[in-house]
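Colleague: fold the stuff below for me.
(one chain, ligands or ions: 1)
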Amino acid sequence: MEKIMSESNSVQRELIHLLHDVQNKFGYIPAQSISQISRELKVSESEIFGVLTFYKAFTLKPRGKHLITICMGTACHVRGAPMILDEFERKLGIEAGETTEDNLFTLETVNCVGACALGPIAIADGDYHGQMKTREVGEIIKKLKQEKGKSIE
Ligand code: FES
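Modeller: Down below sits the predicted model:
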């Protein structure tokens with residue numbers, strides 16, 4: 001049993017490691033890469049899809065250069081997260097889960113990032129913005145547009 005578990009864990013670890021590498025390279029997991037990984041690791045494509053859908057860090061759709069994530073967990077929600085999300089959607093002209101036409105911004109939501117006391121929270125390219133106000137949304141977008149070198153890659 002221990003042998004089976006250790007082999008299984010090592011394949012799982014290798015799969016996650018590979019998926020991270022692919023996503024870091026392309027910004028998402030292209031469908032073609034799933035077949036290649038399946039053949040390489042001898043893991044079924046459905047198992048790979050299971051991992052991809054379990055871990056929110058992976059995406060099957062190309063993301064924009066900058067990733068903005070709004071926490072919609074309960075604590076952030078009651079502190080005004082829907083208004084923050086609305087403002088990002090309005091200013092970027094997209095809805096949550098979409099990417100702007102110029103591929104500059106992807107807007108996503110998440111349920112709790114573990115910093116509830118700081119809610120509502122927006123995460124822009126990994127930087128946490130706590131106690132967000134709608135008037136700060138434009139400034140975050142403007143700063144990201146000015147940051148040429150920094151992105152989600
Ligand atoms: S609900 Fe937003 S950080 Fe917990």
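
Colleague: just give the number of residues close to residue 18.
Modeller: By other Cβ atoms under 10 Å, the residues close to residue 18 number 18. Just so you know, the C-beta spots here come from the backbone N, C-alpha and C atoms, and that holds for glycine as well.

Colleague: which residue does the protein have closest to the ligand?
Modeller: Here the residue of the chain nearest the ligand is residue 73; by Cβ to the nearest ligand atom that distance is 2.5 Å.

Colleague: got the phi and psi for the closest residue to that residue other than its chain neighbours?
Modeller: Leaving aside its chain neighbours, residue 73 sits nearest to residue 112 (3.3 Å; criterion: Cβ to Cβ, 6 or more residues apart in numbering). When read as degrees, to the nearest 10, the backbone of residue 112 gives phi 70, psi 120.

Colleague: what of residue 132?
Modeller: The phi/psi pair for residue 132 (degrees, to the nearest 10) is phi -60, psi 140.

Colleague: so what's the residue positioned nearest the centre of the chain up against?
Modeller: The chain has residue 57 as the residue nearest its centroid, 4.8 Å off, counting by Cα atoms, centre = their mean. Neighbour list for residue 57: 20, 23 [criterion: Cβ atoms under 8 Å, 6 or more residues apart in numbering].

Colleague: and with 10 Å instead?
Modeller: By Cβ atoms under 10 Å, 6 or more residues apart in numbering, the residues touching residue 57 are 16, 19-20, 23.

Colleague: that older thread, the residue of the chain closest to the ligand and residue 124: what is the separation?
Modeller: 18 Å (Cβ to Cβ, to the nearest Å).

Colleague: ends of stretch 123-141, how far apart?
Modeller: 11 Å (Cα to Cα, to the nearest Å).

Colleague: now do it: distance to the chain's middle.
Modeller: 16 Å (Cα atoms, centre = their mean, to the nearest Å).

Colleague: so which bits of it are buried?
Modeller: Within stretch 123-141, the residues that count as buried by 16 or more other Cβ atoms under 10 Å are 123-125, 129, 132, 134, 137, 140-141.

Colleague: do stretch 9-29 as well
Modeller: 15, 18-19, 22-23, 27-29.

Colleague: can you pull out the helices in the chain?
Modeller: Using DSSP state H, the helices of the chain run over 2-26, 31-41, 45-54, 74-78, 81-92, 137-146.

Colleague: quick check: residue 52 touching residue 38?
Modeller: No. Residue 52 is not in contact with residue 38 according to Cβ atoms under 10 Å; the separation is 11.9 Å.
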